[in-house]
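Engineer: everything below, folded, please.
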Amino acid sequence: MAAEPREEMISVGGIKAHTLVGGRGAPLLVLHGAGGPNGWRRWHTALAEQFTLYVPSHPGFGRSDAADWMESVRDLARYYLWFLDVVGVPRASILGSSLGGWVAAELATMNPHAVDRLVLVAPAGLKPERGEILDIFYYPLDTLRGLQFHDPGQVPEWDELYGQPPTPEEQDVQLRNREMAARLTWKPYLFDPRLPRFLPRVTNQTLIVWGREDRIIPPICGEQYLRLLPNATLRLIEGCGHQPQIEKPDELVRIVREFLGAASPSASGAPR
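Structural biologist: The predicted structure is shown next:
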């Protein structure tokens, strides 16, 4: 079993990122979505059996330092290129979900050589050819939570994550996360009109994962990423909404392990 993660405050350009680090094996940088970090979940534990995970909270989110000078996802992507330098990882696989997937895609266009393999889980960043991205800043957080999942009843960690009303401190953090997400993504809303011009530069092997019933970002965007990235594969997860890592973590882990070339411990008998 992978060890419990350790907590670090990693300073990048004077901005400290609260980071969970755990596991063993090749490095895997994990970038969270606009809702903010939600701790070390079962899918992190599963992947940490074969990879060393770096799970930072973005500047302005969670317990990380503020970065009021950041104005775009491109700023955040540059920050994480620097982050990799600071932790001494010149090349890593990157897994980003939603906003974090957009960050990962932007980062890869800036420096493909810093990326081994790329995993994009329902990434923002592209304007849908059909339909629209849901206005996540319009809905109250409790309403938005319900829209993120196809069937909350199948979320294995529902009670742990959402079973209790948030404390005043947790509400303050949620508001902080929301404000920073709006700062980074509001204009234009959750996409970069220039990103399609640069994605063909990313020849890295890329896995795109989408819940077929995603009500936040239309799955058509997965097909758009597929066309723009030269070496990409798209996998749709049936009966799943915007957060496969939370709603169907076991299926997501299996798909990611297959892509990253790590055999399941149950199949191989031991971690790679």
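Engineer: specify the beta-bridge partners of Val23.
Structural biologist: Quick fix: residue 23 is Gly, not Val. Bridge pairing for Gly23 (DSSP bridges) gives the partners Thr52.
Engineer: doesn't Val55 make contact with it?
Structural biologist: No - in this structure Gly23 lies outside contact range of Val55 using Cβ atoms under 8 Å: 9.8 Å. Yep, even glycine has a C-beta here, placed from its N, CA and C like the rest.
Engineer: find the residues that touch each one of these two.
Structural biologist: Here Gly23 and Val55 have Pro5 as joint contacts, going by Cβ atoms under 8 Å, 6 or more residues apart in numbering.
Engineer: list the helices and strands the longest helix along the chain packs on?
Structural biologist: In the chain, with assignment by DSSP state H, the single longest helix is helix 168-185. Here helix 168-185 touches helix 73-86, helix 99-110, going by 3 or more Cβ pairs under 8 Å, 6 or more residues apart in numbering; DSSP states H and E.
Engineer: recalculate using a threshold of 10 Å.
Structural biologist: Contact analysis of helix 168-185 by 3 or more Cβ pairs under 10 Å, 6 or more residues apart in numbering; DSSP states H and E lists helix 73-86, helix 99-110, helix 141-147 as its packing neighbours.
Engineer: least reliable of the ones you listed going by mean pLDDT?
Structural biologist: The weakest mean pLDDT among the helices and strands packed on helix 168-185 belongs to helix 141-147, with a mean of 92.
Engineer: what residues sit buried inside it?
Structural biologist: Residues Leu144 are the ones in helix 141-147 that count as buried (16 or more other Cβ atoms under 10 Å).
Engineer: same check, this time on stretch 192-211
Structural biologist: 192, 195-196, 199, 202, 204-211.
Engineer: same thing with stretch 109-123?
Structural biologist: Quick answer for stretch 109-123 (16+ other Cβ under 10 Å): Thr109, Met110, Ala114, Val115, Asp116, Arg117, Leu118, Val119, Leu120, Val121, Ala122, Pro123.
Engineer: beyond the longest helix of the chain, next helix or strand please.
Structural biologist: Sequence order places helix 195-198 as the next helix or strand after helix 168-185, per DSSP states H and E.
Engineer: paired strands for whatever helix or strand comes next after that next one, with orientation please.
Structural biologist: Downstream of helix 195-198, the first helix or strand assigned by DSSP H and E is strand 206-211. Strand pairing for strand 206-211, determined by DSSP bridges: strand 115-121 (parallel), strand 232-237 (parallel).
Engineer: and Gln245, which of those strands is closest to it?
Structural biologist: strand 115-121 (6.3 Å; Cβ to Cβ).
Engineer: so for the closest one, mean pLDDT?
Structural biologist: 98.
Engineer: find out how far that strand is from the centre of the chain, if you would.
Structural biologist: The chain centre lies 10 Å from the centre of strand 115-121; the measure is Cα atoms, centre = their mean, to the nearest Å.
Engineer: run through the stretch 151-272 of the chain and note the low-pLDDT ranges.
Structural biologist: For the stretch 151-272 of the chain, the stretches flagged by pLDDT under 70 are 262-272.
Engineer: test my guess that Tyr225 contacts Gly125.
Structural biologist: Yes - in terms of Cβ atoms under 10 Å, Tyr225 counts as a neighbour of Gly125; the distance is 8.0 Å.
Engineer: neighbour count: those two, which is higher?
Structural biologist: Gly125 (26 against 22; other Cβ atoms under 10 Å).
Engineer: skipping adjacent residues, who's closest to that one in space?
Structural biologist: Trp102 (3.6 Å; Cβ to Cβ, 6 or more residues apart in numbering).
Engineer: next: Leu107.
Structural biologist: Per Cβ to Cβ, 6+ apart, closest to Leu107 is Ala77, 4.1 Å.
Engineer: count of residues packed around Met9?
Structural biologist: Residues near Met9, counting by other Cβ under 10 Å, number 12.
Engineer: contacts for the strand or helix carrying it next, please.
Structural biologist: Using DSSP H and E, the element containing Met9 is strand 6-12. Strand 6-12 is touched from outside by 16-22, 40, 54, 56, 59, 63-65, 67, 78-87, with contacts defined as Cβ atoms under 10 Å, 6 or more residues apart in numbering.
Engineer: give me the common contacts of Tyr225 and Gly125.
Structural biologist: Gly101, Ala105, Leu195, Pro196, Leu199.
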